[in-house]
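Q: I'd like to go over a predicted model; first the sequence, then the structure.
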Amino acid sequence: MLWVFDSWFGGFQTLKYLQNKFPDFDFLFYADNANVPYGNKSPKEIEELTFKWLNYLFDNGVKLVILACNTASAYSIKKWQKLYPEKKVLSVTIPAVEKIIEKWYKKVWVFATYATVYSDIYSRKYFEITWDFIDFYQIPTPKLVDLIENQVEDEEIINNVISLYIEQLPNDVEALVLGCTHYPIYLKNFKKYFKKDIIDPSQESVEKLVEYFRKHNDIYESIWKNWKTKIVETGERKIESSEYNVK
Ligand code: DGL
């Protein structure tokens, strides 16, 4: 089984990408919707919650967790990998930074939660890999999280919020990172107002996973392949899985 963790809605999108790429895999999506949104919590709370759930998942015999939540990654991945190098957790933020490097972008905007912006994760990771700086402009876009969490589908409302955020971007920006798992749910609305490259960290991560499995065949082999998906939501509110086209 391949385990995916997120605070909630956005993880369904990550799961969809994974199912398309690896249709025969068994997935377990663990959504901590009892504690969503992570993006408005303190660094300490985010780290504690993420560690709590990762420990729980690994105690249940999991071999690899895809940490789909940008906010959780920002405050836990480095420490986790240092403390538990054998308990493999892949964060979606790093493949997004690798994409920026591959494309030689020099001016990049990041839309993310308050906590992710505050953590400066994208520019820190860029520096850790390249020892160089580029212009990262990061703005918190929490209204988008609210819309998605409240399952707003009114195109006019969605477009208004997105266009107001996009208007803040200067003309010479080369790419926009949707630095929150939730945002790609509105990808077509973003594309309407932003005509340059849009980087979706979950999508990039799924592409990189193919490479990862090539290097870690033991992990690939350990994943059950019965075409099954299970969803666990920690909160009272549940999602109708059919809405998100989850098998
Ligand atoms: N999953 C979170 C992220 O990717 C967004 C929602 C939240 O604030 O929990 O940052």
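A: On my side now, so go ahead.
Q: for the rest of this, base every contact and every neighbour count on C-alpha atoms.
A: Noted.
Q: list the buried residues of the helix or strand harbouring Val117.
A: Using DSSP states H and E, Val117 maps to helix 114-119. Neighbour counts over helix 114-119 (16 or more other CA atoms under 10 Å) mark Tyr114, Ala115, Thr116, Val117, Tyr118 as buried.
Q: cool, and stretch 198-216?
A: Buried residues in stretch 198-216 (16+ other CA under 10 Å): Ile198, Ile199, Asp200, Pro201, Ser202, Gln203, Glu204, Ser205, Val206, Lys208, Leu209.
Q: next one: stretch 136-144
A: Result for stretch 136-144 [16+ other CA under 10 Å]: buried residues Phe136, Tyr137, Gln138, Ile139, Pro140, Thr141, Pro142, Leu144.
Q: wait, which of the residues you listed is closest to the ligand?
A: Pro142 (7.7 Å; CA to the nearest ligand atom).
Q: and the closest one, what does it touch?
A: Listed by CA atoms under 8 Å, 6 or more residues apart in numbering, the contact set of Pro142 reads Gly39, Ala112, Thr113, Tyr114.
Q: among those residues, which are in reach of the ligand?
A: Residues shared between those and the neighbourhood of the ligand are Gly39, Thr113 [CA under 6 Å from any ligand atom].
Q: which of the contacts of Pro142 lies closest to Lys78?
A: When those are compared for distance to Lys78 (CA to CA), Gly39 wins out at 18.0 Å.
Q: for the closest one, the count of nearby residues, please.
A: The number of residues packed near Gly39 is 24, by other CA atoms under 10 Å.
Q: next one: the one 10 residues further on
A: The burial metric for Leu49, expressed as a neighbour count using other CA under 10 Å, is 17.
Q: got the buried residues of helix 114-119 as a markdown table, with distance to Ile162 and pLDDT columns?
A: Formatted as a markdown table, these follow (distance: CA to CA, whole Å; pLDDT from 0 to 100):
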| residue | distance to Ile162 | pLDDT |
| --- | --- | --- |
| Tyr114 | 16 | 97 |
| Ala115 | 20 | 98 |
| Thr116 | 19 | 98 |
| Val117 | 18 | 98 |
| Tyr118 | 21 | 97 |
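Q: quick one: the helices in the chain, in order.
A: 9-21, 43-59, 70-83, 93-102, 114-119, 121-130, 142-149, 155-166, 187-193, 201-215, 217-222 (DSSP state H).
Q: tell me which two of the contacts of Pro142 sit farthest apart.
A: Gly39 and Ala112, at 8.4 Å, using CA to CA across those.
Q: tell me the domain ranges of this structure?
A: Split into domains by automatic domain parsing, the chain comes to 2-92+202-244, 94-201.
Q: up against the ligand, what does this structure have?
A: 6-7, 10, 36-39, 69-71, 113, 145, 180-182.
Q: tell me the one of the residues you listed nearest Tyr122?
A: Nearest to Tyr122 among these, with distances taken as CA to CA, is Asn70, at 9.9 Å.
Q: OK, contacts around that closest one?
A: So Asn70 contacts Ser91, Val92, Thr93, Thr116, Gly179, Cys180, Thr181 (CA under 8 Å, 6+ apart).
Q: before we move on, back to that, between the residues of the chain next to the ligand, which has the most around it?
A: For the residues of the chain next to the ligand, neighbours tallied by other CA under 10 Å; top is Thr71, 33 neighbours.
Q: and for it, nearest residue in space, chain neighbours not counted?
A: Among residues not flanking Thr71 along the chain, Thr116 sits closest, at 5.0 Å (CA to CA, 6 or more residues apart in numbering).
Q: now swap in Lys106 and tell me
A: For Lys106, the spatially nearest residue (CA to CA, 6+ apart) is Ile134, at 5.1 Å.
Q: equivalent analysis for Pro201, please.
A: In space, Pro201 is closest to Ala96, 4.8 Å off (CA to CA, 6+ apart).
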